[in-house]
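Q: Need the 3D shape of this:
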Amino acid sequence: MNIRESISDVATSIVVSVILGISGGVMWLVRRVVTNQTQIDLLKVSLAHGDKRLDEIRDDMRAIRDRMDR
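A: Just a heads-up that it's a prediction; the model follows:
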């Protein structure tokens, strides 16, 4: 094996490593974005449910006040 073959092998290894690193980074980023979007959707559902529950509590309080005023 001469010096040119060694340099070629090293260059190939570096290129493959860079490609794998970039691919792994992109896959991590996509997974992270999808996971965050799922968490955001779950949070929205939770907040909407909390708003409904708060409205129910307010209605109950109004009904109690109305009964007390009679």
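
Q: where exactly do the helices run in the chain?
A: 3-69 (DSSP state H).

Q: Where does pLDDT dip in it?
A: Scanning the chain for pLDDT under 70 picks out the ranges 1.

Q: residue closest to the middle of it?
A: Asn36 (1.0 Å; C-alpha atoms, centre = their mean).

Q: and Asp60, how many neighbours?
A: Asp60 has 10 neighbours, counted by other C-beta atoms under 10 Å. C-beta: built from backbone N, CA, C; applies to glycine.

Q: and the gap between it and Ser46?
A: 21 Å (C-beta to C-beta, to the nearest Å).

Q: Distance check, Ile3 against Ser13.
A: Ile3 sits 16 Å away from Ser13, taking C-beta to C-beta as the criterion.

Q: which one of those two has more residues nearby?
A: Neighbours per residue (other C-beta under 10 Å) separate Ile3 from Ser13, with Ser13 holding more: 10 against 7.
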